[in-house]
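In: Provide a 3D model corresponding to the input given below.
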Amino acid sequence: MIDSHAHLFSEEFNFDLDEVISRAKANNVNKIMSVGFSIKTNDLAYDLASKYSMLYPTCGMHPSEAIYDIKELLTNLEDFIINHKIYAIGECGLDYHYDVDRNKQKILFEEQIKLAIKYNLPLIIHSRDAINDTYELLKKYPKCYGVMHCYSGSKEMALKFLDLGFYISLGGPVTFKNAKTPKEVASIVPLDKLLIETDSPYLAPMPNRGKRNEPSYVRYVLEEISKIKNVDILELDKITENNTIKLFKLEANRA
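Out: The predicted structure is shown next:
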């Protein structure tokens, strides 16, 4: 299995990260995307990936970062891309749940789309309560590609993102008993456009809902989707692994 989205540099893992990595390996997780989302966390994600060869670093500016100087954020981000081996830009996107200037969010997001095209890197898209604006911005740039991370929109919007060529990644919420929409989305996403993730330390799947999430729990996501799609779990594992490797251009082994 590959966990296509995790934040193992979070302070929740300060005291037992080695054990978390060991549990991931014991549960057949062989690669983890180490996703940055700010000036600080881009460094942390990269440093962690330098220590653990199964981690693959990304860098981006989360929409919540739009409270800072946008020009400075983008200069820092491009410098980081130039000077580090990274596998995606993101997470980035739009988040209207919090009171952050929406116009600034759009500027920050759009400039990251341009950087992704410039450096031929996939985007890891965060979209919360902003699905239509996210779609309209991505639609402007047919050369961009990537994944809708921990997708929470409708199945109708999922089809629109699929039409743009984007992958759909599902995480813990697809396992929740009352999660009608994520289960509907899982049922309609083509196998060749599906990724799985944990978004650790957030959104732990059943039966660990409400607890700290970690990459070993990605198996619960895989199990649930295999039931929804009526696909053998080993086959689904291989498919989602291959999709993740293809999207992020992962090496067979970084060690």
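In: Quick check: phi and psi on the closest residue to residue 150 other than its chain neighbours?
Out: Distances taken as CB to CB, 6 or more residues apart in numbering place residue 171 nearest to residue 150, at 4.5 Å, with adjacent residues excluded. Bear in mind the C-beta positions are built from the backbone N, C-alpha and C, glycine included. Phi and psi for residue 171, reported as degrees, to the nearest 10, are phi -130, psi -150.
In: swap in residue 93?
Out: Torsion angles, degrees, to the nearest 10, at residue 93: phi 150, psi -140.
In: quick one: contacts for it?
Out: For residue 93, the contact set (CB atoms under 8 Å, 6 or more residues apart in numbering) comprises 62-63, 109, 125-128, 130, 134.
In: my guess is residue 152 contacts residue 176, does it?
Out: No - in this structure residue 152 lies outside contact range of residue 176 using CB atoms under 8 Å: 11.6 Å.
In: re the thing from before, reformat the contacts of residue 93 as CSV; add pLDDT and distance to residue 224.
Out: Output for these, formatted as CSV (pLDDT from 0 to 100; distance: CB to CB, whole Å):
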residue, pLDDT, distance to residue 224
62, 98, 27
63, 98, 28
109, 98, 30
125, 98, 22
126, 98, 22
127, 98, 22
128, 96, 22
130, 97, 26
134, 98, 25
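In: what's in contact with the strand or helix carrying residue 74?
Out: Counting by DSSP states H and E, the element that carries residue 74 is helix 70-83. For helix 70-83, contacts defined as CB under 8 Å, 6+ apart pick out 39, 42, 46, 59-61, 65, 86, 89, 104, 107-108, 111-112, 115, 119, 121.
In: Repeat the analysis, applying 7 Å as the threshold.
Out: 39, 42, 59, 61, 65, 104, 107-108, 111, 115, 119 (CB atoms under 7 Å, 6 or more residues apart in numbering).
In: before we move on, back to that, so which of the contacts of residue 93 belong to strands?
Out: 125-128 (DSSP state E).
In: The residues you listed into TSV, with extra columns for distance to residue 208?
Out: Below are the ones in strands among the contacts of residue 93 laid out as TSV (distance: CB to CB, whole Å):
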residue	distance to residue 208
125	26
126	22
127	25
128	22
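In: could I get those as JSON lines with neighbour count?
Out: Putting the ones in strands among the contacts of residue 93 into JSON lines (neighbours: other CB atoms under 10 Å) gives the following:
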{"residue": "125", "neighbour count": "30"}
{"residue": "126", "neighbour count": "26"}
{"residue": "127", "neighbour count": "28"}
{"residue": "128", "neighbour count": "16"}
